Every structure is written in structure tokens, then in C-alpha cells.
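Visitor: okay, here's the prediction I keep looking at, along with the sequence it came from:
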Amino acid sequence: MWITSSLDSIRTPTRAALGNFDGVHQGHCRVIEPILGAGPGYATVVTFHPHPQEFFSKQRRSLLTPIAEKAQVLAHLGVEQLVQLPFTADLAVMSPEAFVKQILVNGLRASRVSVGQDFCFGYRRSGTAVDLVQLAATFGIAVDCVPLHTQGSDRISSSQIRHALQHGQVSLANQLLGRAYTLCGTVMPGQQLGRTLGFPTANLQLPPEKFLPKDGVYAVWVTGKDGEPLESGISSLDLNKNRPLPGVMNIGMRPTVNGTQRTVEVHLLDWSGDLYHQPLTASLVAYLRGEQAFESLEALKAQIQQDCDQARSLFSTSSTPLPLGE
């Protein structure tokens, strides 16, 4: 995938889907779908950085899909190019007419554009999807206005997914996404306390802007770089290289050992090997329990064993979503 943040380096012409697409959930996929078919130009997703809300509020916004994750999911869908338009003061005051002329026509050389029906653009969000259809038509650009995608009576949205993750509702979040929610990072050396308890963990360093779900313990599928199975180590699943490895993940402050910062640690079930400095992806399957303080390390060890047993039971009896819908 070609990734750029400059109008000068865009591969043109394009078929472009416009929006923020944080999470790339099922509703976003509906907006992206029209640009994936046959036609002139590169299938392109155009988003904004920073998020317009972050630009105006001046407050940092966590992301369901930081750029590397977003690019991976989009590439899996068939998108060929990701354009991250810098959301600047000039763009914020640009009129709808100027946006169409400067961005869609001159910059993207778009032959087709797809947006959600609630898409707004231009100064103070004064342009609507209906306005976009009319303005783009004067330049011969076809526009698809995609109806909002709902689950039941609720609109699927990034905010709804965040709310589900904040409350440990993994199954709901995964349904809204259409795939498992993932945490992608690099394994860094930690205190190695888990190893002394008989449950070695990989300390996962994530992008600072990554949105973290509720603190606690999760059952997860674990893969390596770009969702590939881990190839080194010893595992009961080594004979099936096309499957991720099962694991248990803890997010939190580790109160039993007087932790001082929030960590993300993954224990791979029945697996051993050196993962330091390797990329790792943990895909959420289920929320097992909240974080708690134990009176002793022995009590903590006993609970971790129960967590592992519960996770094994889940993996053996239920059909769980894998990364990118694999």
C-alpha cells in the first residue's frame, strides 16, 4: 500500500473514500466498498491527521487503529493507497467549493468518491453529502452516499466500539468491527516476574496513541508481524502453522507487585521461545476478569492458572473471530 500525507505525492487518478475511518469497522467498510470495484485510478482512502476533533479541542485523541494497524486492515480489504491529509488551519476554513476543487479535483484527480450519508466537510462542517454530490457533478465526479450501517437499532460507530471496550464487552466490539480488536506492538524486556511464577509474559510496547480496553485479563489469539503465525518456539499448535497461538493477556497496573505504570503483558499457552524485540499482535477473544490485588504471589499464581484454564476452555469450545476476519 502507498501511504502519503502530501497532495504532491498522491498516486493519481483515484477512486476515493473520504472519512476518518478510526477502527475501520463494518460501517466504514460499507463506505469503502464502492471504490474497490473496477474503474480508473487507485482505490484510495482519504482521512485526516490529526483528527478534526483533536485539532479543535487541542486534546490528544486515542485511536482504535493507529496508522500501521489502519494500513494493514485497509490493505486486507483491497485498498491500494492511504492518504492522510494534514488537518491544518487552512483546511479548517476551506469552503466546500474550494475543498472539492483543490482536494478532489486538483489533488486526488478523483473519478469517483464515496462517503457516508452523514459526511460533512468545509468550513464549520457547512458542506453535506448532498452538497458534495452536486458540487462534484460539475466536474464529472460520481459520488456514492452510503446509508448508515446499523446493528439492531443502533448505528455502528467508533464511539460505540470504544464504549464496548471500556466495559469489557469484547464480543460486542468484535461484532461491530467485523473482526477481532487487536493490540499490535513490540515485545520489550520487563521485570520478568511472570517467569518466576511459571507464567512467562511478553511485555508489549504499544503506540502511545493506541486505545486500550478495560483493565483486566483477556483471552487472546496471538500472531507475529502482519498477522503471521509465530514460527519460532515450541508449541502444541506448531503443526498447524496457519493458526494463531492462544494466550492470556493482562492490562493494568499490577497492584499485587506495586506496579507504577499501566502495562500490557501476554502469556502464550503451552509455548516457549525468545520474543524480545519482535512484533506481536494480540487479538481479543473474551474478557475474563477485572484486575485485582492478591494477598500473596502464591494466590496470584493460582489465579493465573485459573485464567489459563478458562481461556483454554474458551478456545476449545467456541468459534472466535480472528484478526482481519481470517
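Guide: Received it, and whenever you're ready, just let me know what you need. Everything quoted here is computed from the prediction, not taken from an experiment. Numbers count the residues shown, from 1 in each chain.
Visitor: tell me who's in contact with the closest residue to residue 269 other than its chain neighbours.
Guide: Of all residues not flanking residue 269 in the chain, residue 246 sits nearest, at 4.8 Å (Cβ to Cβ, 6 or more residues apart in numbering). C-beta: built from backbone N, CA, C; applies to glycine. Applying Cβ atoms under 8 Å, 6 or more residues apart in numbering to residue 246 gives the contacts 219-222, 237, 268-269, 311-312, 315.
Visitor: need the pLDDT of residue 246.
Guide: Here the pLDDT value assigned to residue 246 is 93.
Visitor: in what helix or strand does it lie?
Guide: strand 245-252 (DSSP states H and E).
Visitor: so what's the gap between that strand and the chain middle?
Guide: 17 Å (Cα atoms, centre = their mean, to the nearest Å).
Visitor: and what of stretch 122-129?
Guide: 27 Å.
Visitor: give me the residues contacting the helix or strand containing residue 203.
Guide: In this structure, residue 203 sits in strand 202-205 according to DSSP H and E. Applying Cβ under 8 Å, 6+ apart, the external contacts of strand 202-205 come out as 183, 185-190, 263-268, 275, 280, 282.
Visitor: ChimeraX command to pick out the buried ones of these?
Guide: In ChimeraX syntax, the buried subset of the contacts of strand 202-205 is picked out as below (16 or more other Cβ atoms under 10 Å):
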select :183,185,186,187,190,263,264,265,266,267,268,275,280,282
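Visitor: pick out the lowest-pLDDT one from the contacts of strand 202-205.
Guide: Lowest confidence among these: residue 190, with 67.
Visitor: lowest-confidence one in the contacts of residue 246?
Guide: residue 237 (40).
Visitor: residue 211: what's it in contact with?
Guide: With Cβ under 8 Å, 6+ apart, residue 211 has these contacts: 62-64, 162, 165.
Visitor: how about residue 145?
Guide: 115-117, 119, 129-130, 132-133.
Visitor: can you give me the angle the longest strand that the chain contains makes with strand 245-252?
Guide: When every strand of the chain is counted residue by residue (DSSP state E), the longest turns out to be strand 279-289. Relative orientation of strand 279-289 and strand 245-252, computed by axes from the mean of the first three to the mean of the last three Cα atoms, to 10 degrees: 70 degrees.
Visitor: partner strands of strand 279-289, parallel or antiparallel?
Guide: Strand 279-289 pairs in its sheet with strand 182-188 (antiparallel), strand 216-223 (antiparallel), by DSSP bridges.
Visitor: which residues does the residue lying closest to residue 107 once chain neighbours are set aside contact?
Guide: Leaving aside its sequence neighbours, residue 107 sits nearest to residue 7 (Cβ to Cβ, 6+ apart; 4.0 Å). By Cβ under 8 Å, 6+ apart, residue 7 lies in contact with 85, 103, 106-108.
Visitor: so the spatially most central residue of the chain, which of the three states?
Guide: For the chain, the residue nearest the mean C-alpha position is residue 65 (3.0 Å; Cα atoms, centre = their mean). Here residue 65 is recorded as coil under DSSP: H, G, I helix; E, B strand; the rest coil.
Visitor: I figured it hits residue 22, correct?
Guide: Yes: between residue 65 and residue 22 there is a contact at 6.0 Å, judged by Cβ atoms under 8 Å.
Visitor: mutual contacts of the two, please.
Guide: Common neighbours of residue 65 and residue 22 (Cβ under 8 Å, 6+ apart) do not exist.
Visitor: what about residue 110, distance to residue 140?
Guide: Residue 110 sits 10 Å away from residue 140, going by Cβ to Cβ, to the nearest Å.
Visitor: relative to residue 171, which of the contacts of residue 246 is nearest.
Guide: Taking Cβ to Cβ as the measure, residue 171 lies nearest residue 219 of the contacts of residue 246, at 11.4 Å.
Visitor: please name the bridge partners of the closest one.
Guide: Residues in beta-bridge contact with residue 219 (DSSP bridges): residue 248, residue 286.
Visitor: for it, give me its contacts.
Guide: Contacts for residue 219 (Cβ under 8 Å, 6+ apart) come out as 246-249, 284-286, 288, 310-311, 314-315.
Visitor: likewise for residue 249?
Guide: Neighbours of residue 249 in contact, by Cβ under 8 Å, 6+ apart: 183, 217-220, 264-267, 282, 284.
Visitor: what angle do strand 216-223 and the longest helix seen in the chain make with each other?
Guide: Assignment by DSSP state H gives helix 297-317 as the longest helix of the chain. In terms of direction (the same axes, to 10 degrees), helix 297-317 departs from strand 216-223 by 50 degrees.
Visitor: output helix 297-317 as PDB, nothing but the C-alphas.
Guide: Provided in PDB are the C-alpha atoms of helix 297-317 (Å, rounded to 0.1, in the frame of the first residue of the first chain):
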ATOM      1  CA  LEU A 297       2.300 -14.200  44.900                       C
ATOM      2  CA  GLU A 298       1.000 -17.700  45.500                       C
ATOM      3  CA  ALA A 299      -2.500 -16.500  45.400                       C
ATOM      4  CA  LEU A 300      -1.700 -14.600  42.200                       C
ATOM      5  CA  LYS A 301      -0.100 -17.700  40.700                       C
ATOM      6  CA  ALA A 302      -3.200 -19.800  41.500                       C
ATOM      7  CA  GLN A 303      -5.500 -17.200  39.800                       C
ATOM      8  CA  ILE A 304      -3.300 -17.000  36.700                       C
ATOM      9  CA  GLN A 305      -3.600 -20.800  36.400                       C
ATOM     10  CA  GLN A 306      -7.400 -20.500  36.600                       C
ATOM     11  CA  ASP A 307      -7.300 -17.800  33.900                       C
ATOM     12  CA  CYS A 308      -5.300 -20.000  31.600                       C
ATOM     13  CA  ASP A 309      -7.700 -22.900  32.200                       C
ATOM     14  CA  GLN A 310     -10.700 -20.700  31.500                       C
ATOM     15  CA  ALA A 311      -9.000 -19.400  28.300                       C
ATOM     16  CA  ARG A 312      -8.300 -23.000  27.100                       C
ATOM     17  CA  SER A 313     -11.900 -23.900  27.600                       C
ATOM     18  CA  LEU A 314     -13.000 -20.900  25.500                       C
ATOM     19  CA  PHE A 315     -10.600 -21.700  22.700                       C
ATOM     20  CA  SER A 316     -11.700 -25.400  22.600                       C
ATOM     21  CA  THR A 317     -15.500 -24.900  22.700                       C
END
